[in-house]
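>>> this is a predicted model, with the sequence first.
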Amino acid sequence: MDAQSGTSRWDRALQLLRTEPDRSWRTIELAAALENCHYRSFCAQLGQWTKEGILRRLGRGRYTLAAEMIAPTSPQGPQLPGELKLPPRP
């Protein structure tokens, strides 16, 4: 959770990736856009999200949002695998 914005890294990443869902994002672009994140830990987080099917790895340092994550599937948002399940938004 980012103390300044009150949102998690995942929330901010998802919002950014959904702005251009068909785009191939470079790791450095994502990290720079999210600000205040440690690059190496962020790279590890991208790998975890890829293993969980949230992101697709297109090549070295290039990611895109998995098709099922482009738009919410329910009013509560998409159901994420693993530990990334988000509570419903107020």
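Cool, got the structure. Residues are numbered from 1 along each chain as shown.
>>> show me what whichever strand or helix holds residue 47 is packed up against.
Assigning secondary structure by DSSP states H and E places residue 47 in helix 39-51. Other helices and strands packing on helix 39-51, by 3 or more CB pairs under 8 Å, 6 or more residues apart in numbering; DSSP states H and E, are helix 9-19, helix 27-34, strand 55-59. (Glycine included, C-beta is placed from N, CA and C.)
>>> mind doing that once more with 6 Å?
helix 27-34 (3 or more CB pairs under 6 Å, 6 or more residues apart in numbering; DSSP states H and E).
>>> residue 62 pairs with what?
Beta-bridge partners recorded for residue 62 (DSSP bridges): residue 26, residue 59.
>>> hmm, it is touching residue 27, no?
No: assessed by CB atoms under 6 Å, residue 62 is found out of contact with residue 27, at 7.7 Å.
>>> list the buried residues in the helix holding residue 47.
42, 43, 45, 46, 49 (16 or more other CB atoms under 10 Å).
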